[in-house]
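> need coordinates for the below:
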Amino acid sequence: MKRLLAKASMTLAALALAATGVSAAGISDNVVKIGVLTDMSGVYSQIGGKGTVVAVKMAVADFGGKVLGKKIEVISADHQNKPDIASNKAREWFDTGKVDMVTGLLNSACALAVQRLGAEKHRITMNTGAGSTDLTNKDCSPYGIHYVYDTYALANVAGSEIVRRGGKTWFFITADYAFGQSLEDNTAKFVKKLGGRVLGSVRHPLSTADFSSYLMQAQASGAQIIGLANAGSDFTNAVKQAKEFGITPRQTMAGMLVFDTDVKSLGLPTAQGMLYASGFYWDRDNATRAWSKRFYKLHHAMPTMDQAGAYSATMNYLKAVKAAGTDNPDAVMAKLRSMPLNDFFAVHGRLRADGRMVHDMYLMQVKKPSESKGEWDIARIIKTVPGDQAFMPLSESSCYLVKKR
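I've put the predicted structure just below:
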């Protein structure tokens, strides 16, 4: 009798597993739905915004508009750089909109909120715009992917180079939320590691128009380098005002997160010579130029690394769905972790256990006006840093997914 009961139990378990496999196969709800959640109207809108939506739709069109015979849909929303709005919109998408994957997530506070929700709801988040290393450390998720860059790589690639070139004393002007704090902390560690000193720091609210008081404190510090741990219009406003106040060139403004659109906004006479780190540059090679020119025709601007990364993330997500034969998030994540992620954006790309997508990063330098041959010929790659050298090693990770291995 005991043997019969045991056999029956095993049979029932096998049937349950089989049923689970059947329910996981194929496309749920007969559609694969991708949500682009980004800053459409604020301080980061030129970095991501409508351009990110354009890039995601390009990927869907290039994939053929369908996967496993089912339609692919793209929806989008403005999180307004507010974590509560981002979280509420993502919850609505997951609970009633049947969204399978969310990308963009430009703003670390918003990205962290949505990634936590994605972990709870078992939905994939492919962050292409936020920078905080918390996304792959204390707040890591089995469904969260940090795709384009992070504050460790930015500090490692650009901050370290600035110190090596003689920038030994620093003062930080920092955006007062998760991203800015992470960028300042990571840069300060590399500055100190290489024998430099941090003389002080000051934090400003997101979307600051007047940087005068912060710049005066930086000027009074006497630091060689004023490190800007902010981005978007906050970064460009600070640089422009530093020039107006005569702070530069006596002290050097170092942008720790710079996008091509920022350089374009500043103009080469103001930005020339600036060093910065990037995960992508439109003029790197024939493949990046070909894709970027297609993007330009649709968006009337060359792509930022956020926008190019969103295309790559979407395309690789769809490839993983096709390879897995399902949009089941566990199966798709398994495929993403096992397949190479190499395309015009990602060189030597691979997805680690902590959710970090490792790929080559680039040390960039803004060109002089006399060196530019066109409207978007604004920078040159002066060094390629392999992903394993650019990003935080797993040995330093605090992600619980790593510690389990």
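> quick one, strands of the stretch 201-350 of the chain?
225-229, 252-255, 275-278, 350-351 (DSSP state E, counting those that start in this stretch).
> now the ones you listed as a markdown table including distance to residue 378, mean neighbour count and mean pLDDT?
Yep, even glycine has a C-beta here, placed from its N, CA and C like the rest. Below are those laid out as a markdown table (distance: least, C-beta to C-beta, whole Å; neighbours: other C-beta atoms under 10 Å; pLDDT from 0 to 100):
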| stretch | distance to residue 378 | mean neighbour count | mean pLDDT |
| --- | --- | --- | --- |
| strand 225-229 | 18 | 28 | 98 |
| strand 252-255 | 13 | 24 | 97 |
| strand 275-278 | 11 | 25 | 98 |
| strand 350-351 | 30 | 20 | 98 |
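> mind checking how far residue 104 is from residue 45?
12 Å (C-beta to C-beta, to the nearest Å).
> of those two, who's got more company?
residue 104 (36 against 20; other C-beta atoms under 10 Å).
> so what are the domain limits for this structure?
29-149+284-360, 152-279+362-389 (automatic domain parsing).
> need these in a markdown table with distance to residue 402, can you?
Putting the domains of the chain into a markdown table (distance: least, C-beta to C-beta, whole Å) gives the following:
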| stretch | distance to residue 402 |
| --- | --- |
| domain 29-149+284-360 | 5 |
| domain 152-279+362-389 | 15 |
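> SS state for residue 112?
Taking DSSP: H, G, I helix; E, B strand; the rest coil as the rule, one finds residue 112 in the helix state.
> need the contact list for it.
83, 130, 132, 134-135, 139, 178 (C-beta atoms under 8 Å, 6 or more residues apart in numbering).
> burial count for the residue nearest to residue 73 when sequence neighbours are not counted?
Once flanking residues are discounted, residue 73 sits nearest to residue 33: 4.8 Å by C-beta to C-beta, 6 or more residues apart in numbering. Counted by other C-beta under 10 Å, the residues lying close to residue 33 total 19.
> wait, residue 33 touches residue 97, no?
Yes. Between residue 33 and residue 97 there is a contact at 6.8 Å, judged by C-beta atoms under 8 Å.
> what sits in contact with each of the two?
Shared contacts of residue 33 and residue 97, counting by C-beta under 8 Å, 6+ apart, come down to residue 75.
> secondary structure element for residue 71?
strand 70-78 (DSSP states H and E).
> and the residue nearest to residue 73, that one's in a helix?
No. The assignment for residue 33 by three-state DSSP gives strand, which leaves it out of any helix.
> how much space is there between it and residue 151?
Distance from residue 33 to residue 151, by C-beta to C-beta: 30 Å.
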